[in-house]
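K.L.:
sequence plus predicted model, see below.
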Amino acid sequence: MPSAARDIPNSDNLSRTVSNSFNLSLSTSPVATFNSSSSSLGGHKGTSAKQLKPFITSDIKVLLLENVNKTGQDILARQGYQVEALKSSLSEDELVQKIRDVHVIGIRSKTKLTSKVLHAAKNLIVIGCFCIGTNQVDLKAAAQNGICVFNSPFSNSRSVAELVIAEIIALARQLGDRSNELHNGVWNKVSAGCWEVRGKTLGIIGYGHIGNQLSVLAEAMGMRVVFYDVVNLMSMGTAQQVNSLNALLAGADFVTVHVPELPETQNMIGKEQLEKMRQGSYLINASRGSVVDIPALIEASKSGKIAGAALDVYPNEPGGNGNYFNNEINSWAEDLRALKNIILTPHIGGSTEEAQSAIGVEVAEALVRYVNEGATLGAVNMPEVNLRSLTLDEPNHVRVVYIHKNVPGVLRKVNEILGDHNVDKQMTDSRGEVAYLMADISNVNTSEIKDLYQSLEDLGSRIRTRVLY
Ligand SMILES: NC(=O)C1=CN([C@@H]2O[C@H](COP(=O)(O)OP(=O)(O)OC[C@H]3O[C@@H](n4cnc5c(N)ncnc54)[C@H](O)[C@@H]3O)[C@@H](O)[C@H]2O)C=CC1
Ligand SMILES: O=C(O)C(=O)COP(=O)(O)O
């Protein structure tokens with residue numbers, strides 16, 4: 001990964017000051033200094049060489065929720081950031097209080113960063129979703145507030161696919177029920193309604209990262225695979241794409257859903273769709289709780305239309321371990337718990353050591369690159385913009401990051417401000433209503449930096465200005 005840290009040729013540079021990158025809104029001084037530190041991006045930890053940091057990294061406050069893996073916590077702590085890590089999620093009201101001082105927040109699938117929370121997050125510059133889904137964040141409100149959002153697009157895909165494979169066999173053999181019975185001391189040896197999966201058809205709805213992995217694994221077990229997706233996709237192995245959801249539902253023994261939470265996927269599997277499924281077929285949902293209408297599934301299970309189901313996700317999920325899953329949380333929870341051959345898991349699709357440790361590294365590194373260097377590569381709500389790291393032979397350089405409304409005339413005004421200096425490199429791109437500009441400018445005197453910052457801040461198009469290095 002690229003490094004923001006640079007060796008300093010002479011110690012005089014250490015006393016150079018720059019305006020800091022946080023909208024002059026850090027509760028401490030608005031002016032930060034280049035500092036020397038034994039920790040750095042890029043693996044200089046423990047060396048005696050002096051290194052350059054873009055600002056005082058110990059000013060950066062990071063809040064990690066939902067038990068973000070230690071790999072991620074360590075990467076952030078090694079930067080010198082102040083890291084607070086909590087095991088559970090927080091409610092909206094708690095977040096509104098807690099997020100005020102925070103510059104970086106790391107969450108997983110439970111924490112809802114609504115526009116109300118983001119509005120209170122005056123110092124927040126970046127959100128890391130240490131998971132695949134980003135539906136829990138108001139991405140548009142984040143972009144409009146100049147807050148960049150990152151996720152981990154596929155580090156837990158294999159784990160989800162393996163869980164689903166386990167569930168296909170477990171449902172076909174009624175493993176959950178037999179195990180529960182014997183745990184209760186009841187010996188119930190049956191073959192009626194129990195099947196091999198070889199030769200059966202798996203229908204995958206949403207053939208993305210998870211659907212792909214699943215397709216390969218299912219074929220290896222001798223299953224036939226069909227899939228439905230809103231885009232035309234290359235099939236893995238001999239899987240076949242079908243052209244409608246109804247065709248998939250009618251042709252599969254096992255139906256599994258792997259779509260994102262979107263307005264179009266809300267209750268995508270409801271009464272009507274369950275009726276279209278084969279008699280005695282199975283349904284698996286490890287996508288999002290909003291995708292399957294659970295009361296309709298309960299009815300389909302009671303009537304025998306569905307021989308079994310596995311659910312990993314729910315409309316309202318408890319914020320942390322130890323909380324009860326009952327009617328207070330979802331009005332149908334107790335009905336669901338009473339049904340036969342329904343496997344219920346507490347959103348563990350991506351919960352493996354491998355997935356969590358890979359996600360921790362991937363997202364924490366993206367956060368560090370963004371905080372220290374302004375790079376948005378991999379962002380889900382901002383254009384992807386990057387410049388090569390500044391080098392030692394570029395003295396008196398400043399990196400400007402200017403997030404602004406995507407309206408005519410902004411670049412001219414920004415370049416009028418930057419034009420008093422030498423613009424060495426610049427990149428700009430837009431995504432919807434928001435544009436992101438990065439520029440490295442040289443021959444900037446320390447005394448000029450604050451004015452430069454203020455001139456950019458004064459433009460009507462400004463969303464957020466950061467001056468790095
Ligand atoms: N249970 C768990 O722990 C986990 C759950 N997930 C959930 O699984 C979802 C899918 O993950 P990936 O496969 O990585 O996503 P992906 O983005 O790689 O694939 C999603 C696929 O769904 C398709 N799609 C979107 N709307 C559709 C529609 N209306 N009908 C049919 N297809 C549609 C897309 O074209 C895409 O091919 C995530 O968005 C997340 O919500 C992800 C990881 C772990
Ligand atoms: O990656 C996702 O989207 C998931 O649903 C996994 O969520 P989690 O990290 O277990 O809260």
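P.N.:
Received it, and whenever you're ready, just let me know what you need. Residues are numbered from 1 along each chain as shown. Ligands and ions are numbered 1, 2, ... in the order given.
K.L.:
show me the contacts for the residue lying closest to L344 once chain neighbours are set aside.
P.N.:
Spatially, and ignoring its direct neighbours in sequence, L344 is nearest to L311 (5.7 Å; CB to CB, 6 or more residues apart in numbering). C-beta coordinates here come from the backbone N, C-alpha and C atoms, glycine included. L311 makes contacts with 284-285, 292, 294, 336, 342-345, as judged by CB atoms under 8 Å, 6 or more residues apart in numbering.
K.L.:
could the residues you listed go into JSON lines alongside distance to E365?
P.N.:
Formatted as JSON lines, the contacts of L311 follow (distance: CB to CB, whole Å):
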{"residue": "I284", "distance to E365": "33"}
{"residue": "N285", "distance to E365": "31"}
{"residue": "V292", "distance to E365": "35"}
{"residue": "I294", "distance to E365": "38"}
{"residue": "L336", "distance to E365": "39"}
{"residue": "I342", "distance to E365": "39"}
{"residue": "I343", "distance to E365": "35"}
{"residue": "L344", "distance to E365": "35"}
{"residue": "T345", "distance to E365": "30"}
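K.L.:
please name the nearest non-neighbouring residue to the residue of the stretch 201-350 of the chain at minimum distance from ligand 2.
P.N.:
Of all residues in the stretch 201-350 of the chain, G350 sits closest to ligand 2, at 3.8 Å by CB to the nearest ligand atom. Nearest residue to G350, sequence neighbours excluded (CB to CB, 6+ apart): N156, at 3.1 Å.
K.L.:
per-residue confidence for that neighbour?
P.N.:
We have a pLDDT of 98 for N156.
K.L.:
what about it, distance to ligand 2?
P.N.:
Per CB to the nearest ligand atom, to the nearest Å, N156 is found 5 Å from ligand 2.
K.L.:
need the helices for the protein, in chain order.
P.N.:
Secondary structure of the chain by DSSP state H: the helices cover 70-78, 92-98, 115-120, 139-144, 157-172, 175-183, 209-220, 245-251, 271-276, 294-303, 333-337, 353-373, 410-418, 446-458.
K.L.:
domain assignment for the chain?
P.N.:
Domains of the chain are assigned by automatic domain parsing as 24-154+354-392, 158-344.
K.L.:
close to ligand 2, is the longest one?
P.N.:
Looking back up the chat, that one is domain 158-344. No - using CB under 6 Å from any ligand atom, we find that domain 158-344 stays clear of ligand 2, coming within 6.9 Å at best.
K.L.:
which residue packs closest to whichever residue of the chain sits closest to ligand 1, ignoring adjacent ones?
P.N.:
Nearest to ligand 1, among the residues of the chain, is G208, at 1.7 Å (CB to the nearest ligand atom). Of all residues not flanking G208 in the chain, H258 sits nearest, at 6.4 Å (CB to CB, 6+ apart).
K.L.:
one more: L124?
P.N.:
Distance criterion CB to CB, 6+ apart; nearest residue to L124, sequence neighbours excluded, is I147 at 5.4 Å.
K.L.:
which ones are touching that neighbour?
P.N.:
Each residue near I147 by CB under 8 Å, 6+ apart is listed here: 118, 121, 124-127.
K.L.:
which single one of those residues is nearest to ligand 2?
P.N.:
Nearest to ligand 2 out of the contacts of I147 is I127 (CB to the nearest ligand atom; 14.1 Å).
K.L.:
hmm, the closest one is touching F150, no?
P.N.:
Yes - under the criterion of CB atoms under 8 Å, I127 makes contact with F150 at 7.3 Å.
K.L.:
I'd say L283 and M268 touch.
P.N.:
No - L283 is beyond contact range of M268, at 11.5 Å (criterion: CB under 8 Å).
K.L.:
among the two, which residue is more densely surrounded?
P.N.:
The residue with more neighbours, out of L283 and M268, is L283; 27 against 20, by other CB atoms under 10 Å.
K.L.:
the more buried one bridge partners, please.
P.N.:
Listed by DSSP bridges, the beta-bridge partners for L283 are V255, A309.
K.L.:
one more: R224?
P.N.:
Beta-bridge partners of R224, counted by DSSP bridges, are T201.
K.L.:
ok, it - contacts?
P.N.:
By CB under 8 Å, 6+ apart, the contact list for R224 reads 199-202.
K.L.:
ditto for K112
P.N.:
If you count contacts by CB under 8 Å, 6+ apart, then K112 has 92, 136-137 around it.
K.L.:
check what pLDDT it gets.
P.N.:
Reported pLDDT for K112: 97.
K.L.:
how many neighbours does the closest residue to L171 other than its chain neighbours have?
P.N.:
Counting by CB to CB, 6+ apart, G308 is the residue found nearest to L171 once chain neighbours are left out, at 4.1 Å. For G308, the neighbour count with other CB under 10 Å is 25.
K.L.:
pretty sure G308 is touching N341, no?
P.N.:
Yes - here G308 reaches N341: they are 3.6 Å apart, a contact under CB under 8 Å.
K.L.:
which neighbours do these two share?
P.N.:
With CB under 8 Å, 6+ apart, G308 and N341 have common neighbours 171, 174, 301.
K.L.:
ok, which of the domains of the chain comes nearest V434?
P.N.:
Proximity to V434 (CB to CB) singles out domain 24-154+354-392 among the domains of the chain, at 4.5 Å.
K.L.:
with just CA atoms, put stretch 327-346 into PDB.
P.N.:
Listed next in PDB are the C-alpha coordinates belonging to stretch 327-346 (Å, rounded to 0.1, in the frame of the first residue of the first chain):
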ATOM      1  CA  ASN A 327     -41.800 -10.700  19.600                       C
ATOM      2  CA  GLU A 328     -40.600  -7.400  21.100                       C
ATOM      3  CA  ILE A 329     -38.000  -7.100  18.400                       C
ATOM      4  CA  ASN A 330     -40.100  -8.600  15.600                       C
ATOM      5  CA  SER A 331     -43.800  -9.400  16.100                       C
ATOM      6  CA  TRP A 332     -43.500 -12.800  14.300                       C
ATOM      7  CA  ALA A 333     -40.200 -14.000  16.000                       C
ATOM      8  CA  GLU A 334     -41.900 -16.500  18.300                       C
ATOM      9  CA  ASP A 335     -44.000 -18.000  15.500                       C
ATOM     10  CA  LEU A 336     -40.800 -18.400  13.400                       C
ATOM     11  CA  ARG A 337     -38.900 -20.100  16.300                       C
ATOM     12  CA  ALA A 338     -41.700 -22.700  16.700                       C
ATOM     13  CA  LEU A 339     -41.500 -24.000  13.100                       C
ATOM     14  CA  LYS A 340     -40.000 -27.200  12.000                       C
ATOM     15  CA  ASN A 341     -37.000 -27.400   9.700                       C
ATOM     16  CA  ILE A 342     -36.300 -23.700   9.900                       C
ATOM     17  CA  ILE A 343     -32.600 -22.900  10.500                       C
ATOM     18  CA  LEU A 344     -32.200 -19.500  12.300                       C
ATOM     19  CA  THR A 345     -28.700 -18.000  12.500                       C
ATOM     20  CA  PRO A 346     -27.700 -14.600  14.000                       C
END
